[in-house]
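here is a sequence with its predicted model. Questions after.
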Amino acid sequence: MCYSIVVGNRKTMIRLTTILLILTSLISCSEIKTTDQEEVYKYWSGSATPADLELLEGQFWQSSHWAREYIMFLKLKPTEEWWVAFLDQNQLQIDDQWIRPSNAPEWFTPTAESVMYSSGDTFDQGSRYFKDTLTNECYIYEIQL
């Protein structure tokens with residue numbers, strides 16, 4: 001009697017595990033690619049574009065991997081208040097070292113008048129944030145692999 005209960009529970013667990021694996025693979029197996037700046041901002045931030053932010057260009061790629069690996073390029077024109085809050089919230093600091101990624105879109109060209117920022121973390125994958133001091137246009141490059 002005890003033996004049939006254990007076998008029945010084992011079969012149920014195997015079925016549940018199989019169903020869970022199938023559902024997980026269906027949900028997490030879609031790569032995301034877009035150049036629509038509104039979509040780029042939404043995938044990156046998790047919210048709609050605020051009124052104090054003008055989006056100019058964007059490119060976003062996210063792997064199908066469950067760890068949410070992504071590469072994002074964004075060109076925008078924020079208000080001064082938005083930019084200052086963004087720098088503060090992300091604890092960004094001025095930096096002067098960056099290598100432009102080979103996969104950067106043509107429009108992603110921070111000027112010589114741009115101030116560059118980074119997180120300053122020891123685990124730096126290359127994300128950089130730029131603000132052009134003449135035009136107030138900003139460029140954001142984030143990578144998480």
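Looks like it came in fine.

mind checking how far residue 97 is from residue 121?
Note on residue 97: its distance to residue 121, by CB to CB, to the nearest Å, is 13 Å. C-betas here are computed from N, CA, C, even on glycine.

kindly apply the preceding question to residue 82 instead.
For residue 82 relative to residue 121 (CB to CB), the value is 23 Å.

more crowded one of the two?
residue 82 (16 against 9; other CB atoms under 10 Å).

can you give me phi and psi for that one?
The phi and psi values for residue 82, taken as degrees, to the nearest 10, are phi -60, psi -50.

what of residue 90?
The phi/psi pair for residue 90 (degrees, to the nearest 10) is phi -100, psi 0.

what number of residues lie near the nearest residue to it once chain neighbours are set aside?
What sits nearest to residue 90 in space, not counting adjacent residues and going by CB to CB, 6 or more residues apart in numbering, is residue 119, at 6.8 Å. For residue 119, the count of nearby residues is 17 (other CB under 10 Å).

okay, residue 119 and residue 96: tell me how far apart.
In terms of CB to CB, residue 119 sits 14 Å off from residue 96.

helix or strand: which one has the residue sitting nearest the centre point of the chain?
What sits nearest the mean C-alpha location of the chain, by CA atoms, centre = their mean, is residue 44, with 4.4 Å. Assessed by DSSP states H and E, residue 44 sits inside helix 37-45.

what's the answer for residue 120, then?
Applying DSSP H and E, one finds residue 120 in no helix or strand.

quick check: closest non-adjacent residue to it.
residue 93 (4.9 Å).

ok, the one you found - contacts?
117-120 (CB atoms under 8 Å, 6 or more residues apart in numbering).

mind listing what's buried along stretch 78-87?
78, 82-83, 86-87 (16 or more other CB atoms under 10 Å).

and the contacts of that stretch?
Residues contacting stretch 78-87 (CB under 8 Å, 6+ apart): 50, 52-54, 92, 117, 129, 131, 136, 138.
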